[in-house]
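K.L.:
with the sequence up front, the predicted model follows.
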Amino acid sequence: MTTKHITGGLCVGTLLALICAAASACSGGPPQFELPPGAMVLRLAEADDVPSLDPAVGYDTMSWMFEQMLFNTLVRYGDANIELEPDLALSWEVSADARTFTFHLRGDARFTSGRAVASADFKYSIERVLRPSTRSKGMEFFRGIDGAGEFVDGKADGVRGIETPDAQTIIFRLTAPDPLFVHKLSMPFAAAIPREVAEKWGEDFSQHAVGSGPFKLLRWIGGQRIVLVRNPGYHVASVPRLDAVDMLLGVNGELEWLKFEAGEIDVATIPPAEFPYVMKTPALRALTLHKTDIRVQYLGMNCEMWPFTDVRVRRAFNYAINREKLVKLLNGRGVAARGILPPNLPGFDPAIKGYAYDPDKARRLLEDARVPREYAPELWLRADQTALTLGQSIQQDLALAGINVALKPLAWGPLLEAIRQPRTVQLFQMGWEADFPDPDNFLNVLLTRRQWGANNDTFYYDSRVDALVDEAAPIADLTRRYELYRQAERIVMDDAPWVPLYNPVSYVIRQPWVRDYQLNPLRPTRFERVRLAKRTGQAQRR
């Protein structure tokens, strides 16, 4: 389905009425979602379903892309930078000891249900994240609030360190200094949600998400399509500029590219096979955008499962994999990773050189560890073409070292769920993009004992690493802080629970009529300021 994109937009009420009239899905029929001519609709496509629209639950790029359209936090990062700026907070103060944080809210924000957003909504949202029954991966970010421990243990009805003296003021009191606390409040975990809606729907809140963001959820057909429409009551004037965002789900990379060439979608990733042609064609190259991600792709090894209980095996896998070959397969869209931290993250240690490609050394280590030749683990990975191409390269490298690996591709949601289960997945291909620009978000969140069952999917533990990241956490002196994290990273690299693979550079291509589309190194693209000009010809290969 193609839609003409013209400057200007329809009244959201008219848009909703036309969508429902055109799509019998509103009355239980098939979900056609014919969007009316004249609507300014950004059309996208993605291979996987959205894991969750509940900001307490979603903790992946796809979920966050939509959650930041539906919800607001107190602070946020800029559209194209990693500088904190107000979202629903007009201003804030931080005490000299970094233990008390006071935020003053704007008074004109409303949920799409019609009710005004108040400080109590932020308090409720964070307490909901801390409640064990929510099973939120964000719990650890807020355990430092005074009284959070008693609340988590069921010994208190609320968190005493979150105070709401009036509807426009919220105060957080911590048990120890935390220089990163404001950054933590930029994550969707800390977004305001209406208590009455969340408690009405319980675990089904994701299907009925209500927030105060620039868009509202119209319809979500799992694995097929998700449609968000403009929130006419959004507190920022003339935002969003789009009438709707319409994403097709279950569209692999090759089909996404064909749809882009046909003008059926407006922004697309570029398949590896097409990338050289795009970059050699001036008209197409001019339509691309790229960003250097604060991200690392890695191979994770479950340190609680044989043979990865043996550090020699983990080091062998590090020596066995040719990272430079992976970068070539990506057409140079990345750099070979040498450590845990990405090169553009503050605190990155250039002295860490990682493991060289040495299949002979890998074989010797495997022999020393007495790994039998018939050992054939499964490599769990995302079911998309790029991941499969890289997985096949890793499979070939490990075969040269004497390990025959079977690839096990899964959809994104089930893959995330599987790797977080103890003693379930031995070997997996995964990536991590920073939530905030500090080494803590890698070394603490991904590699400490407290994160078992949450984000430490390798179930790695070294008491020295835990002690170092705990010592670093309250320190505001960046020289001292980064030195402690560097010590921790060196220990992790020696223990080798990961094979760091590469640090990506992400490219997208947009149609000529797409305006103000920006990439952020820390967050998915925000769509509220994207606009669509009159269609004047589409991107074409020939």
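P.N.:
Arrived safely. Numbering: from 1, shown residues only.
K.L.:
lowest-confidence helix or strand of this protein?
P.N.:
Least confident element among the helices and strands of the chain, by mean pLDDT, DSSP states H and E: helix 12-22 (a mean of 43).
K.L.:
quick one: the strands in the stretch 251-400 of the chain, in order.
P.N.:
267-268, 288-292, 295-301, 334-336, 378-382 (DSSP state E, counting those that start in this stretch).
K.L.:
now those strands as TSV including mean pLDDT, mean neighbour count and distance to residue 483?
P.N.:
Bear in mind the C-beta positions are built from the backbone N, C-alpha and C, glycine included. Formatted as TSV, the strands of the stretch 251-400 of the chain follow (pLDDT from 0 to 100; neighbours: other Cβ atoms under 10 Å; distance: least, Cβ to Cβ, whole Å):
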stretch	mean pLDDT	mean neighbour count	distance to residue 483
strand 267-268	98	22	41
strand 288-292	93	16	25
strand 295-301	97	24	21
strand 334-336	95	18	24
strand 378-382	97	19	35
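K.L.:
where does residue 248 land in three-state SS?
P.N.:
strand (DSSP: H, G, I helix; E, B strand; the rest coil).
K.L.:
ok, residue 500 next?
P.N.:
strand.
K.L.:
leaving out chain neighbours, which residue sits closest to it?
P.N.:
residue 337 (3.6 Å; Cβ to Cβ, 6 or more residues apart in numbering).
K.L.:
quick check: the one you found touching residue 493?
P.N.:
No - with contact defined as Cβ atoms under 8 Å, residue 337 does not count as touching residue 493 (10.8 Å).
K.L.:
show me this structure divided up by domain.
P.N.:
1-64+217-287+511-542, 72-192, 295-504 (automatic domain parsing).
K.L.:
tell me the mean pLDDT over the shortest one?
P.N.:
Domain 72-192 comes out with an average pLDDT of 96.
K.L.:
and it, end to end?
P.N.:
6 Å (Cα to Cα, to the nearest Å).
K.L.:
again with stretch 165-178
P.N.:
End-to-end span of stretch 165-178 (Cα to Cα): 23 Å.
K.L.:
neighbour-wise, which of residue 337 and residue 493 wins?
P.N.:
Legend: neighbour count by other Cβ atoms under 10 Å for residue 337 and residue 493, higher for residue 337 (24 against 21).
K.L.:
mind pulling up the pLDDT for the more buried one?
P.N.:
97.
K.L.:
next one: residue 454
P.N.:
So residue 454 comes in at 82 (pLDDT).
K.L.:
residue contacts, it?
P.N.:
137, 139-140, 420 (Cβ atoms under 8 Å, 6 or more residues apart in numbering).
K.L.:
mind doing that once more with 7 Å?
P.N.:
137, 140 (Cβ atoms under 7 Å, 6 or more residues apart in numbering).
K.L.:
checking it next. Helix, strand or coil?
P.N.:
Per three-state DSSP, residue 454 ends up coil.
K.L.:
save the domains of the chain as a markdown table, and put in distance to residue 205 too.
P.N.:
Conversion of the domains of the chain to a markdown table gives the following (distance: least, Cβ to Cβ, whole Å):
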| stretch | distance to residue 205 |
| --- | --- |
| domain 1-64+217-287+511-542 | 5 |
| domain 72-192 | 10 |
| domain 295-504 | 17 |
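K.L.:
can you tell me the closest non-neighbouring residue to the residue nearest in space to the middle of the chain?
P.N.:
Nearest residue to the geometric centre of the chain (Cα atoms, centre = their mean): residue 61, 2.7 Å. Excluding its sequence neighbours, the residue lying closest to residue 61 (Cβ to Cβ, 6+ apart) is residue 524, at 5.6 Å.
K.L.:
quick check: the one you found vs residue 188, distance?
P.N.:
Distance of residue 524 to residue 188, computed by Cβ to Cβ, to the nearest Å: 10 Å.
K.L.:
the two: which has the busier surroundings?
P.N.:
Legend: neighbour count by other Cβ under 10 Å for residue 524 and residue 188, higher for residue 188 (28 against 18).
K.L.:
so what's the more buried one up against?
P.N.:
With Cβ under 7 Å, 6+ apart, residue 188 has these contacts: 55, 58, 64, 67-68, 71, 73.
K.L.:
quick check: which element contains residue 460?
P.N.:
Remark: residue 460 resides in no helix or strand, with elements defined by DSSP states H and E.
K.L.:
nearest residue to it in space, ignoring adjacent ones along the chain?
P.N.:
That would be residue 497: by Cβ to Cβ, 6+ apart, it lies 3.8 Å from residue 460.
K.L.:
what is the burial count for the one you found?
P.N.:
25.
K.L.:
residue 156 versus that one, what's the distance?
P.N.:
36 Å.
K.L.:
show me where the stretch 101-250 of the chain has strands.
P.N.:
Going by DSSP E, counting those that start in this stretch, the stretch 101-250 of the chain shows strands at 162-166, 169-173, 215-221, 225-230, 244-249.
K.L.:
quick one, which of those strands gets closest to residue 403.
P.N.:
strand 244-249 (34.8 Å; Cβ to Cβ).
K.L.:
parallel or antiparallel, list what pairs with the closest one.
P.N.:
Strand pairing for strand 244-249, using DSSP bridges, gives strand 41-46 (parallel), strand 225-230 (antiparallel).
K.L.:
out of those strands, which comes closest to residue 480?
P.N.:
strand 41-46 (42.4 Å).
K.L.:
pull out the buried residues from stretch 132-140.
P.N.:
Buried residues in stretch 132-140, defined by neighbour count with 16 or more other Cβ atoms under 10 Å: 134, 136-140.
K.L.:
rounded mean pLDDT for the helix or strand harbouring residue 446, please.
P.N.:
Here residue 446 sits within helix 440-447, counting by DSSP H and E. Averaging pLDDT along helix 440-447 gives 96.
K.L.:
ok, residues contacting that helix?
P.N.:
Residues contacting helix 440-447 (Cβ under 7 Å, 6+ apart): 180, 340-341, 432, 434-435, 451, 455-456, 460, 465, 469, 472-473, 485, 488-489, 492.
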